[in-house]
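Undergrad: Any chance you can model this:
(chains A, B, C and D)
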There are 2 protein chains.
Amino acid sequence: MAASELDLEEPAEVDHIHDVAAARLRGTRQRYTSGRRALVRQLHDLHGPATISELQDGGSDSSTSSLYRNLAILEQCGVVHRVVAVDDTTRYELSEELSGHHHHLVCRNCGRVADLTLSDDVELALARAADQASRTSGFRVAAHNLEMVGTCEDCDPETA
Amino acid sequence: MAASELDLEEPAEVDHIHDVAAARLRGTRQRYTSGRRALVRQLHDLHGPATISELQDGGSDSSTSSLYRNLAILEQCGVVHRVVAVDDTTRYELSEELSGHHHHLVCRNCGRVADLTLSDDVELALARAADQASRTSGFRVAAHNLEMVGTCEDCDPETA
DNA sequence: TTACCTGCAAATGGTTTGCATCCCA
DNA sequence: TGGGATGCAAACCATTTGCAGGTAA
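TA: Residues are numbered from 1 along each chain as shown, chains lettered A, B, ... in the order given. Sure thing, here's the model as predicted:
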């Protein structure tokens, strides 16, 4: 990307994401403040869901309580999605509506989480499995999450 | 099942599970106490992963700290598996080695979690997806968890 | 007779909340 | 200029840990 080194946004998708976020907040009489905008921007730039402390280390200058509050508010309006991975840490990412449908790779050693997009035929198989589960279980299945658990390249002794 | 109404075990699988648990503990110089045995029995009898308070309500007479300690110890020797569902509650179940490979249905309203077994062809598709992810991502994928999220019959307004 | 196990109570740590202040629509 | 937003510090709550008995091998 040839974008500016500064904090200016890359126009295309990011602007759209900001527009959606602002609209969603306006809908409930809330404001798209600079802190919230920075948060959304940060979540967009990352390659996978981030923990609170990763967000703070990543340059967020909001207080911890504001981070939690804003993430909760953005989650309520469907802009942010909360993820709890096997290592028990809570992470946040943009909602699939904004980031596209995907799944996660989780490192069982360091807790790192990366996004993973499945091929269409696997997604189709999952959708059919969801239908079948709806029919046989009494649950009305609305979504599915797949987590592939393993060891990332940094933690894999075989790779080193 | 025509087993006794009392607390006597059903011989078949449960005995095997107790045997495995006892052996695993012995391997690390630990004891299969009555509290641990009761815990394993309780986890076996339930239809899905249970929370600490469900275990306590379900008749466990161990102290809370012993419950946590024993679940951690049993997890370390591969008898118990910890699950964190979307609603943030930590749950425990017998490991897949003892309960068989399965996935979970989660009610996004009440947090209830039920076991779900997928058809072989879906499992095959997932295994292939895991292979592909291993090849393309740098992660060495060792396991996968699928969570179907929806509304259980008790919480579904359409069903009522 | 040494370990291991248990229960109680205190400590921990991530997350939430109360409150006073700040600030934008 | 009023209602939301923020920061700080205190509160909360699930989980962990220290310690002083118990208990089994």
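Undergrad: Spell out which residues of chain A are next to DNA strand C.
TA: Residues of chain A that fall close to DNA strand C, judged by CB under 7 Å from any atom of the strand: A:31, A:33, A:51-52, A:64-65, A:68-69, A:72, A:89-90. The C-beta positions use only the backbone N, C-alpha and C, and glycine is treated the same way.
Undergrad: neighbours around A:R112, how many?
TA: 19 (other CB atoms under 10 Å in any protein chain shown).
Undergrad: Dihedrals phi and psi, the closest residue in space to it that isn't next to it in sequence?
TA: Leaving aside its sequence neighbours, A:R112 sits nearest to A:C152 (CB to CB, 6 or more residues apart in numbering or on different chains; 5.2 Å). For A:C152, the backbone dihedrals are phi -80, psi 170 (criterion: degrees, to the nearest 10).
Undergrad: Helix, strand or coil: sort out the residue nearest in space to the middle of chain A for me.
TA: Geometric centre of chain A, nearest residue: A:E93, 1.8 Å, by CA atoms, centre = their mean. Classification of A:E93 by DSSP: H, G, I helix; E, B strand; the rest coil places it in strand.
Undergrad: For B:D154, see how far away the closest residue in space to it that isn't next to it in sequence is.
TA: In this structure, A:E93 finds its nearest non-sequential neighbour in A:P49, 3.9 Å apart by CB to CB, 6+ apart. In this view, A:P49 and B:D154 are 30 Å apart by CB to CB, to the nearest Å.
Undergrad: more crowded one of the two?
TA: Just comparing A:P49 and B:D154: by other CB under 10 Å the higher neighbour count belongs to A:P49, 25 against 12.
Undergrad: On the pLDDT front, check the more buried one for me.
TA: Listed pLDDT for A:P49 reads 96.
Undergrad: list the contacts for it?
TA: With contact set as CB atoms under 8 Å, 6 or more residues apart in numbering or on different chains, A:P49 has these partners: A:81, A:83, A:85, A:91-93, A:104, A:113.
Undergrad: Derive a ChimeraX selection command for the buried subset of those residues.
TA: This is the ChimeraX syntax for the buried subset of the contacts of A:P49, where burial follows 16 or more other CB atoms under 10 Å in any protein chain shown:
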select /A:81,83,85,91,92,93,104,113
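Undergrad: Redo the contacts of A:P49 as a markdown table? Include pLDDT.
TA: A markdown table is the format used below for these (pLDDT from 0 to 100):
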| residue | pLDDT |
| --- | --- |
| A:H81 | 96 |
| A:V83 | 94 |
| A:A85 | 81 |
| A:R91 | 96 |
| A:Y92 | 97 |
| A:E93 | 97 |
| A:H104 | 96 |
| A:V113 | 93 |
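Undergrad: Can you give me the domain assignment for chain A?
TA: A:1-100, A:101-160 (automatic domain parsing).
Undergrad: Tell me which of those domains sits nearest to B:R26.
TA: domain A:101-160 (26.0 Å; CB to CB).
Undergrad: Now find how far off-centre the one helix or strand A:L43 maps to is within its chain.
TA: Element membership of A:L43 [criterion: DSSP states H and E] is helix A:34-45. Distance, stretch centre to chain centre, for helix A:34-45: 12 Å (CA atoms, centre = their mean, to the nearest Å).
Undergrad: could you pull out the helices for chain A?
TA: Per DSSP state H, chain A carries helices over the ranges A:12-27, A:34-45, A:52-57, A:64-76, A:96-99, A:120-137.
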